[in-house]
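> can't give you the sequence, but here's the structure:
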């Protein structure tokens, strides 16, 4: 009897041990089955949040900020560190991160309170999102969804802008300017220029295969450009449009196309000058601003900018190689002020991206900034519509840099970061295959996935 009970005890112990050891394996198998599903849902949520960011960017700074935080929360758990390292070791993702690192180091030699140093570094933070977005959209290939969301949002803004400008009897016609329902006319002009030339590139791509679709794209582009010429525009955007016209002609038709475009742009510019009183009102004061600065009347925006640039160049000459340190710009302009200096001449922004970086980080930081722009141009050198969209965003930022410090602004800075990161990831995703028309055939690839 005792022998039987001992046998039973040994059997119970064996069974208990087997159950205890097999339960973790069972849980591990179930969790391994759940893990791909959770990963896929987080990835889709992260891509969807970027679409939401692109949609909200023309409308609301608060909504964009909230969506950016949610995007970081959902994207970091599914981040592939090896893929991220690949982007960080490449120029397109590594140079933005390098500029941030240089900005962080620049706080060490800045001779201002730490609160101003940390505030100065804040303008560099968004650059760290470029390698993250490159990694995400190289893997997912859903850049098209972001572009469609962005274009749809801007088209709604365009319709509202035309309505505010021309519907009679309205008591409210814009936030600060007529035809500008949200944010400001500078950002709206940049959005409309990017959409116009992005659609022109897509229309040229599908012209021979889908004529009706190409005509729709061309008409939408004309509506964007018409709004810039007859409703509201920034003078910098007019310069950007001329440059993008020439680059598009060369990108699509070579040198002959570029020369022909010069003549076409000249004729259209003359026609727009005669038919648009608003355009004349915007361009004519620019010449007067320069003349006012020469007569020591620095009350106009153009004259103030010239004053900022001259002061910035003198300050950069003091510490040319490494600059005055991150966050030094406000204190530098306060230091150079005299009792005779007008209050408007004391600024926290020199209104020039290169000068803004050079004041903080010297020629070293300027070199990294220029190399970053070159790397992003090279990223979009392919003759694909998706690459053209990205090139438009990069060139818009470069052409505008002598007049603004847009990388350090919230809306314009995130427009650049989202554009380069998402479209750059889309280009890298497409590179193994031929470049299909971006807004027509790419969706079939995504749906198959």
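Perfect, I can see it now. The structure displayed is predicted, hence computed values, not measured ones. Numbers count the residues shown, from 1 in each chain.
> let me see the mean pLDDT of stretch 165-180.
Per-residue pLDDT over stretch 165-180 has a mean of 83.
> buried stuff in that stretch?
For stretch 165-180, burial by neighbour count (16 or more other C-beta atoms under 10 Å) applies to 165, 173, 174, 177, 178, 179, 180. In this view, the C-beta of every residue, glycine as well, is placed from N, C-alpha and C.
> any idea whether residue 349 is helix, strand or coil?
coil (DSSP: H, G, I helix; E, B strand; the rest coil).
> shouldn't it be in contact with residue 405?
Yes. If you go by C-beta atoms under 8 Å, residue 349 and residue 405 touch, sitting 5.5 Å apart.
> got any residues that touch both of the two?
residue 356 (C-beta atoms under 8 Å, 6 or more residues apart in numbering).
> the more surrounded of the two?
Ranked by neighbour count (other C-beta atoms under 10 Å), residue 349 and residue 405 place residue 405 first, with 22 against 16.
> measure the more buried one to residue 358 for me?
Applying C-beta to C-beta, to the nearest Å, the value for residue 405 to residue 358 is 11 Å.
> can you check residue 52 too?
On the measure of C-beta to C-beta, residue 52 and residue 358 end up 36 Å apart.
> again, but for residue 148
In terms of C-beta to C-beta, residue 148 sits 38 Å off from residue 358.
> of the two, who's got more company?
The neighbour comparison of residue 148 against residue 358 (other C-beta under 10 Å) goes to residue 358, with 25 against 16.
> okay but residue 231 is in contact with residue 161, surely?
Yes. Under the criterion of C-beta under 8 Å, residue 231 makes contact with residue 161 at 6.0 Å.
> enumerate every residue touching residue 231.
161, 162, 165, 178, 179, 278.
> which among those gets closest to residue 212?
residue 162 (23.0 Å; C-beta to C-beta).
> and the closest one, how close does it get to residue 194?
18 Å.
> which one's more surrounded, the two?
residue 194 (25 against 16).
> element containing the more buried one, please.
helix 185-206 (DSSP states H and E).
> sorry, back to before: overlap in contacts of residue 231 and residue 161?
residue 179.
> low-confidence ranges, this protein, go.
Within the chain, the segments meeting pLDDT under 70 span 1-35, 257-258, 275, 278-279, 285-300, 302, 338-346, 432-449.
> next, count neighbours for residue 111.
11.
> for it, which non-adjacent residue is spatially closest?
residue 325 (6.6 Å; C-beta to C-beta, 6 or more residues apart in numbering).
> before we move on, what SS does that neighbour have?
Once three-state DSSP is applied, residue 325 turns out coil.
> distance from stretch 168-175 to the middle of the chain?
31 Å (C-alpha atoms, centre = their mean, to the nearest Å).
> which outside residues touch that stretch?
164, 165, 179, 180, 181, 182, 183, 184, 232.
> dump those residues into a markdown table; add secondary structure and distance to residue 114 as well.
Formatted as a markdown table, the contacts of stretch 168-175 follow (DSSP: H, G, I helix; E, B strand; the rest coil; distance: C-beta to C-beta, whole Å):
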| residue | secondary structure | distance to residue 114 |
| --- | --- | --- |
| 164 | helix | 45 |
| 165 | helix | 47 |
| 179 | coil | 43 |
| 180 | coil | 38 |
| 181 | coil | 40 |
| 182 | coil | 35 |
| 183 | coil | 32 |
| 184 | coil | 31 |
| 232 | coil | 41 |
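> give the contact list for residue 198.
147, 151, 388, 389, 392.
> just give me the closest of those residues to residue 256.
residue 388 (19.0 Å).
> report the contact partners of the nearest residue to that closest one once chain neighbours are set aside.
The spatially closest residue to residue 388, leaving aside those adjacent along the chain, is residue 201, at 3.8 Å (C-beta to C-beta, 6+ apart). Applying C-beta under 8 Å, 6+ apart to residue 201 gives the contacts 248, 251, 252, 385, 388, 389, 392.
> so how far is residue 244 from residue 201?
10 Å.
> mutual contacts of the two, please.
With C-beta under 8 Å, 6+ apart as the test, residue 201 and residue 244 both reach residue 392.
> neighbours of residue 109, how many?
The burial count for residue 109: 15, using other C-beta under 10 Å.
> whoops, residue 119 was the one
As a burial measure, residue 119 scores 15 neighbours (other C-beta under 10 Å).
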